[in-house]
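Trainee: quick one: sequence plus predicted model below, questions after.
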Amino acid sequence: MSQPSINRALKFAIFAAALAIVQGCAARQPSPSKPAPAAGAVASAKPTPTGAALGTHAPYAITAGLDGNLWFTEYQGDGIGRMTPYGAAKRFPIDPGGFAERITAGPDGAVWFTDAAGNRIGRVAPDGKIAYVKLPHPNSGPAGITSGPDGNLWFTEHSGNRIGRLSTTGTLTEIELPKGTGPAEIVAGSDGNLWLAEDQVNRIARVTVSGAVKEFQILNPDGRPAMMTLGADGNVWFTQPRANKIGSITPGGYISEFALPKPGVPLGIAAGADKNLWVTVIRAQLIYRVTPRGEFTRLPTPANSMATFITAGPDGRLWFTEPNGKIGRLTTSGDVREFVFSDPYSESK
């Protein structure tokens, strides 16, 4: 399968389904007596924002920048968003022919993103200026991206069965993987290596900075590893949306799996400042706090919310995106506040 990848297609389908759910909920709600909160305002009432705030500019993937802000991509949109921990947001339009998907903070103070539509890697400077590095092979399908232990950016090329190493000055090196592996998400491990999810062969791969690759088969025959994060225990943790599980893999390659207490679709995962894992569950409208031992605590989110991608913020809290034009802020004790964006939100404070 070419673009988007199997797992990327699954994530898009989940996000689209979540969007349809919240739109349906909004349609069933009575019209609010006052306008939706302004861009960056904290939602103090239940109504879901309506109109253009739903859909194209819905926050999608999210990461914490080195500047102390949150940065996020848009679901099928042509912009990158920046939000302060207090909710003020600004939008940076990218090339209209592009589509920012995954995003990470670079070691140079910029944020970097994959652009499968443009077959390139993008960079957003602190001042908002955007530049691109074009990939040499057509239809490479850049997907996941992370800042590596060697000071470079590392990303996957799902359709091309390659991973790329990109310096902050634009020097690109590509590493070939076995045909059909489907490298998707990627994260830097505690062992100085890169770890990636190979969704087409149901494996987790460990890649050294010199390019040596070793693969480990997931226990579940249809686990389809999705999002990944480095846990406080030194292991890499990942979600398995199709298996109702999350998993962890040690630097030595030992895999453990933990089933969700109730059926759900785990998607986003992040390591919190409290040394626990935080997992979003689509359709169930909740987030789980998971200890490194696999103990789950259920944390409901506000009515009509739909937590999808999640990251640890620079303020010690967790931040998650929603397909209804919101970003949620979650404390490690379980308190949630939501920030609602108008469309466009580029004129917000």
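Mentor: That came in fine, so what should we check first?
Trainee: in which helix or strand would I find the nearest residue to R329 once chain neighbours are set aside?
Mentor: Nearest residue to R329, sequence neighbours excluded (C-beta to C-beta, 6 or more residues apart in numbering): R337, at 5.0 Å. Every C-beta, even on glycine, is put in place using the N, C-alpha and C of the backbone. Per DSSP states H and E, R337 falls inside strand 336-340.
Trainee: right, and G264 touches N244 too?
Mentor: Yes: G264 lies in contact with N244 (C-beta atoms under 8 Å); the separation is 6.3 Å.
Trainee: the most centrally placed residue in the chain and R283: what is the separation?
Mentor: Taking C-alpha atoms, centre = their mean, the centroid of the chain lies closest to A61, which sits 3.8 Å from it. Applying C-beta to C-beta, to the nearest Å, the value for A61 to R283 is 19 Å.
Trainee: the residue nearest to R329: neighbouring residues, count only.
Mentor: Applying other C-beta atoms under 10 Å, we find 15 residues neighbouring R337.
Trainee: may I ask which helix or strand of this structure has the lowest mean pLDDT?
Mentor: Ranked by mean pLDDT, DSSP states H and E, the weakest helix or strand in the chain is strand 41-42, scoring a mean of 27.
Trainee: I'd say the residue nearest to R329 and G328 touch.
Mentor: Yes: if you go by C-beta under 8 Å, R337 and G328 touch, sitting 7.1 Å apart.
Trainee: let me see the mean pLDDT of stretch 320-339.
Mentor: Per-residue pLDDT over stretch 320-339 has a mean of 92.
Trainee: tell me the buried residues in that stretch?
Mentor: 320-330, 332, 336, 338-339 (16 or more other C-beta atoms under 10 Å).
Trainee: identify the farthest-apart pair in these.
Mentor: The most widely separated members of those, counting by C-beta to C-beta, are G325 and T332 (25.3 Å).
Trainee: so S167 touches W154, yeah?
Mentor: No: counting by C-beta under 8 Å, S167 sits too far from W154 to count as a contact (10.9 Å).
Trainee: circling back: can you list the strands that the strand holding R337 pairs with?
Mentor: strand 41-42 (antiparallel), strand 326-330 (antiparallel) (DSSP bridges).
Trainee: what helix or strand is F216 on?
Mentor: F216 is part of strand 213-217 when elements are defined by DSSP H and E.
Trainee: do the same with I246
Mentor: strand 245-249.
Trainee: give me the distance from that strand to the chain's centre.
Mentor: Strand 245-249 sits 17 Å away from the centroid of its parent chain (C-alpha atoms, centre = their mean, to the nearest Å).
Trainee: ok, then the element right after the least confident helix or strand of the chain?
Mentor: Using DSSP H and E, the next helix or strand after strand 41-42 towards the C-terminus is strand 59-64.
Trainee: list the contacts for the closest residue to G211 other than its chain neighbours?
Mentor: Leaving aside its chain neighbours, G211 sits nearest to I175 (4.5 Å; criterion: C-beta to C-beta, 6+ apart). Applying C-beta atoms under 8 Å, 6 or more residues apart in numbering to I175 gives the contacts 162-165, 207, 211, 213.
Trainee: could you redo the last one with a cut-off of 7 Å?
Mentor: Listed by C-beta atoms under 7 Å, 6 or more residues apart in numbering, the contact partners of I175 are 162-163, 211.
Trainee: pLDDT wise, what is it at?
Mentor: The model's pLDDT for I175 equals 96.
Trainee: can you check the one 4 residues further on too?
Mentor: Per-residue confidence for K179 comes out at a pLDDT of 87.
Trainee: just the pLDDT for the nearest residue in space to D315 that is not next to it in sequence.
Mentor: With C-beta to C-beta, 6+ apart as the criterion, D315 has its nearest non-adjacent residue at 4.7 Å, and that residue is P85. At P85, the pLDDT value in this model is 93.
Trainee: relative to D95, how far out is the residue lying closest to L135 once chain neighbours are set aside?
Mentor: Nearest residue to L135, sequence neighbours excluded (C-beta to C-beta, 6+ apart): N119, at 5.2 Å. Distance of N119 to D95, given as C-beta to C-beta: 12 Å.
Trainee: which of these two has more neighbours?
Mentor: Set side by side, N119 and D95 show more neighbours around N119, with 22 against 15, by other C-beta under 10 Å.
Trainee: residue contacts, that one?
Mentor: Residues in contact with N119, defined by C-beta under 7 Å, 6+ apart, are 134-135, 138-140.
Trainee: change it to 10 Å
Mentor: For N119, the contact set (C-beta atoms under 10 Å, 6 or more residues apart in numbering) comprises 3, 98, 132, 134-142, 157, 159-160.
Trainee: next step: those restricted to strands.
Mentor: Of the contacts of N119, the ones assigned to strands by DSSP state E are 132, 134, 142, 157.
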